[in-house]
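Engineer: Need a 3D model of the sequence below.
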Amino acid sequence: MFKLDISLVTSYTSPSQRVRVMTETWVEEYGYCPNCGNHLTKSKDNNPVGDFICDKCSEEYELKSKNNSFGKKITDGAYGTMIERLQSATNPSFFGLNYDKNFEVVNFFVIPKFYFTPDIIERRKPLAPTARRAGWVGCNILLEPIPETGKIYYIQDGRSRDKWYILDDWQRTHFLAEKHNLESKWWLLDVMRCIDMIGKKEFTLADIYNFTTILREKHPDNNNIEAKIRQQLQVLRDKGYLEFGGKGVYKVL
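Structural biologist: Predicted structure coming up:
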């Protein structure tokens, strides 16, 4: 299951094309929609948005593949297009696939589209005047700012996870999809990132107040950061992401 099919690409000479054919074939055969669990179909070649679509719920996915790990970022397409897509219903979720020198799939994960905010999109330098597409500006997707719950692994370090866990992980934070206002979603995700950085399942209000300075720098127009933090914690509690145990103690569920 974990091995890419090299026999599919014996007639290809372009390394990037070889990888694209092998990885897309693998995802179509072994992947499934994390939203509903249904089969995925490869999109038509002229689809400008995603590489795969779910036959049942119509969720779309874009695949990024790389030998070894992605590191801290994933290279993507045009910066302007990506920023526009953040507000669009057609913005796809992202599949990330890593393979080793033996073409074994080491990691396969999905980043739900509702985790995307402008701060994780990095603008690259324009192409040089001598380039074929002179002046074109691409972008990178920064992985570090995405909360851990936003990286849902099917396969991690060569070990697969049961389908039930993938579907449950997706639904656990699907409430973020309700936040159509990017600023509201941005705040929720920032507080979720701070909770990740605390590094423990149970934490206090004082623990998260330690990130007040960081959040003030990210949201300079807000003059009452601590009140905003408490508001986001209440939303996360109401959505079942956190449990409030009283006396300023919270627990990640």
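Engineer: where's K251, which helix or strand?
Structural biologist: For K251, the element it lies in under DSSP states H and E is strand 249-252.
Engineer: mind listing what's buried in the least confident helix or strand in the chain by mean pLDDT?
Structural biologist: Lowest by mean pLDDT, DSSP states H and E among the helices and strands of the chain is helix 79-85, with a mean of 86. For helix 79-85, a neighbour-count test (16 or more other C-beta atoms under 10 Å) marks 79, 82, 85 as buried. Every residue, glycine included, has its C-beta placed from N, CA and C.
Engineer: Leaving out sequence neighbours, find the closest residue to the first one.
Structural biologist: Once its chain neighbours are removed from consideration, Y79 has its nearest residue in C139; the separation is 4.0 Å (C-beta to C-beta, 6 or more residues apart in numbering).
Engineer: So what are the sheet partners of the host helix or strand of the one you found and their directions?
Structural biologist: Here C139, judged by DSSP H and E, is contained in strand 138-142. Strand pairing for strand 138-142, using DSSP bridges, gives strand 73-78 (antiparallel), strand 121-123 (antiparallel).
Engineer: Dump the buried residues of helix 79-85 into TSV; add distance to Y165 as well.
Structural biologist: Below are these laid out as TSV (distance: C-beta to C-beta, whole Å):
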residue	distance to Y165
Y79	34
M82	29
R85	28
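Engineer: picking that back up, between the strands paired with strand 138-142, which one is nearest to R132?
Structural biologist: Closest approach to R132 among the strands paired with strand 138-142 is made by strand 73-78 (14.7 Å; C-beta to C-beta).
Engineer: who touches the closest one?
Structural biologist: Contact with strand 73-78 is made by 64, 66, 82, 94, 96, 122, 136-143, as judged by C-beta atoms under 8 Å, 6 or more residues apart in numbering.
Engineer: how about that strand: buried residues?
Structural biologist: Across strand 73-78, burial judged by 16+ other C-beta under 10 Å covers 74, 76.
Engineer: any idea how far that strand is from the chain center?
Structural biologist: 12 Å (C-alpha atoms, centre = their mean, to the nearest Å).
Engineer: Kindly report the same for stretch 166-186.
Structural biologist: Centroid separation for stretch 166-186 versus its chain: 11 Å, with C-alpha atoms, centre = their mean.
Engineer: Now for I198, how many residues are close by?
Structural biologist: Residues lying near I198 (other C-beta atoms under 10 Å) number 16.
Engineer: residue contacts, it?
Structural biologist: 207-208.
Engineer: The same query, at a cut-off of 6 Å, please.
Structural biologist: Residues counted as contacts of I198 (C-beta atoms under 6 Å, 6 or more residues apart in numbering) are D207.
Engineer: same question, R132
Structural biologist: Taking C-beta under 6 Å, 6+ apart as the definition, R132 has no contacts.
Engineer: on that earlier part again, how about JSON lines for the contacts of strand 73-78, with distance to W186 added?
Structural biologist: Output for the contacts of strand 73-78, formatted as JSON lines (distance: C-beta to C-beta, whole Å):
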{"residue": "K64", "distance to W186": "23"}
{"residue": "K66", "distance to W186": "27"}
{"residue": "M82", "distance to W186": "16"}
{"residue": "F94", "distance to W186": "18"}
{"residue": "G96", "distance to W186": "22"}
{"residue": "E122", "distance to W186": "16"}
{"residue": "W136", "distance to W186": "27"}
{"residue": "V137", "distance to W186": "22"}
{"residue": "G138", "distance to W186": "23"}
{"residue": "C139", "distance to W186": "17"}
{"residue": "N140", "distance to W186": "18"}
{"residue": "I141", "distance to W186": "16"}
{"residue": "L142", "distance to W186": "14"}
{"residue": "L143", "distance to W186": "17"}
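Engineer: quick one: which of the residues you listed is nearest Y154?
Structural biologist: For the contacts of strand 73-78, with Y154 as the reference and C-beta to C-beta as the criterion, the closest is G96, at 10.2 Å.
Engineer: so where is the protein shaky, pLDDT-wise?
Structural biologist: For the chain, the stretches flagged by pLDDT under 70 are 45-50, 89.
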